[in-house]
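# fold the following for me, if possible:
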Amino acid sequence: MGGDGRDRDFTDVGRALSAPARSAMVGLLMDGTARPAGELARAAGVGAPAASEHLAVLVAAGLVTGRARGRHRYYALAGPDVADALEALGALARPLPVAGLRRSREADRLAAARFCYDHLAGRLGVGLAEACVARGWLDDPDVLALTDAGADGLRGLGVDVDGAAAARRPTTRACLDWTERRVHLAGALGAAVGARFLDAGWVARTSGRGLRLTSDGRDVVRETWGVELVPPSGGGAGPERA
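Residues are numbered from 1 along each chain as shown. Okay, the predicted model is just below:
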């Protein structure tokens, strides 16, 4: 996304997001995964021809990219900047009505724990960020800058702190969480923490966008961050400060 100081024309992006089907598609891609057109069509409740038209609009607006894999074409968000912008927009957008037990449980899981592109979000992500600030691992709740103590502590947990510091993106960034209306940790370090949680089996992906906190993950978060995680009714994780 550019930074040349000129005013921005939001109409292309606004038009791309104006259809409920396209909104549903980008919502499903917010966890950083690449998904086939058929899966996105089912999530949006449209047929294959309509899905192709909607995806073409999203690609033209620069929100989504498509790549062929064998006989199928997979789509993903165009990058972390797009995910961050959509996450912030989510704090302004009205929530969709929740109908049925399955959708209610999925909403609970999303609010409890999910990936915002490549970093942890929901009550889990916000709880970890606030606990890191309280412990002096991150400095300034509006910036979430990494401290020396934080670097040592996260290295001790197996987080690739040095790789995050060398990445070609901001090391840390405060990302406004659309369900909690508070910030969680984004940037290269947020991605490294998310990768460590996934690789260590502390969280597991569910069938939708939500994450399930495992028993090992619950123990690590409680013992390291002092955050007690209470699972929602449909499974997942919801932090409460211990």
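# for stretch 146-160, the averaged confidence score.
Mean per-residue pLDDT for stretch 146-160: 96.
# list the buried residues of that stretch.
When burial is assessed from 16 or more other Cβ atoms under 10 Å, stretch 146-160 yields the following buried residues: 146-147, 150-151, 153-154, 159-160. Quick note: C-beta positions are derived from backbone N, CA and C, even for glycine.
# same check, this time on stretch 130-142
Result for stretch 130-142 [16+ other Cβ under 10 Å]: buried residues 130-133, 137-138.
# inside helices: which ones of these?
130-133 (DSSP state H).
# can you list the residues you listed in a markdown table and add distance to Ala48 and pLDDT?
Output for those, formatted as a markdown table (distance: Cβ to Cβ, whole Å; pLDDT from 0 to 100):
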| residue | distance to Ala48 | pLDDT |
| --- | --- | --- |
| Glu130 | 44 | 94 |
| Ala131 | 45 | 94 |
| Cys132 | 45 | 95 |
| Val133 | 47 | 95 |
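# coming back round to it: quick one: which two of the buried residues of stretch 146-160 are the most distant?
Farthest apart among these by Cβ to Cβ are Thr147 and Asp160. That separation is 17.2 Å.
# not counting sequence-adjacent ones, nearest residue to Arg196?
Val159 (4.7 Å; Cβ to Cβ, 6 or more residues apart in numbering).
# checking the one you found next. Helix, strand or coil?
coil (DSSP: H, G, I helix; E, B strand; the rest coil).
# now do the contacts for it.
189, 192-193, 196 (Cβ atoms under 8 Å, 6 or more residues apart in numbering).
# how near is the residue nearest to Val64 when sequence neighbours are not counted to Leu198?
Among residues not flanking Val64 along the chain, Leu58 sits closest, at 4.0 Å (Cβ to Cβ, 6+ apart). Separation of Leu58 from Leu198 (Cβ to Cβ, to the nearest Å): 26 Å.
# what are the ranges of the helices in this protein?
For the chain, applying DSSP H gives helices covering 11-17, 20-28, 37-44, 48-60, 80-90, 101-112, 122-134, 148-156, 161-166, 187-199, 215-220.
# ok, and the closest non-adjacent residue to Asp12?
Leaving aside its sequence neighbours, Asp12 sits nearest to Ala61 (Cβ to Cβ, 6+ apart; 5.2 Å).
# do I have it right that the one you found meets Ala16?
Yes: using Cβ atoms under 8 Å, Ala61 is in contact with Ala16, at 3.6 Å.
# identify the bridge partners of the residue nearest the centre of the chain.
Here the mean C-alpha position of the chain is nearest to the C-alpha of Cys116 (Cα atoms, centre = their mean), at a distance of 0.7 Å. In this structure, Cys116 bridges to His119 when assessed by DSSP bridges.
# could you chop the protein up by domain?
What automatic domain parsing lists as the domains of the chain is 11-78, 105-241.
# need the ones you listed in a markdown table (columns: distance to Leu92).
Shown next, in a markdown table, are the domains of the chain (distance: least, Cβ to Cβ, whole Å):
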| stretch | distance to Leu92 |
| --- | --- |
| domain 11-78 | 12 |
| domain 105-241 | 8 |
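# run through this structure and note the low-pLDDT ranges.
1-6, 95-107, 207-208, 229-242 (pLDDT under 70).
# closest one of the buried residues of stretch 130-142 to Asp216?
Of all those, Ala131 has the smallest distance to Asp216: 17.9 Å, by Cβ to Cβ.
# look up how far Phe197 lies from the nearest residue to the closest one once chain neighbours are set aside.
What sits nearest to Ala131 in space, not counting adjacent residues and going by Cβ to Cβ, 6+ apart, is Trp225, at 4.0 Å. Look at Trp225 and Phe197: by Cβ to Cβ, they are 12 Å apart.
# that's all I had, so thanks and see you.
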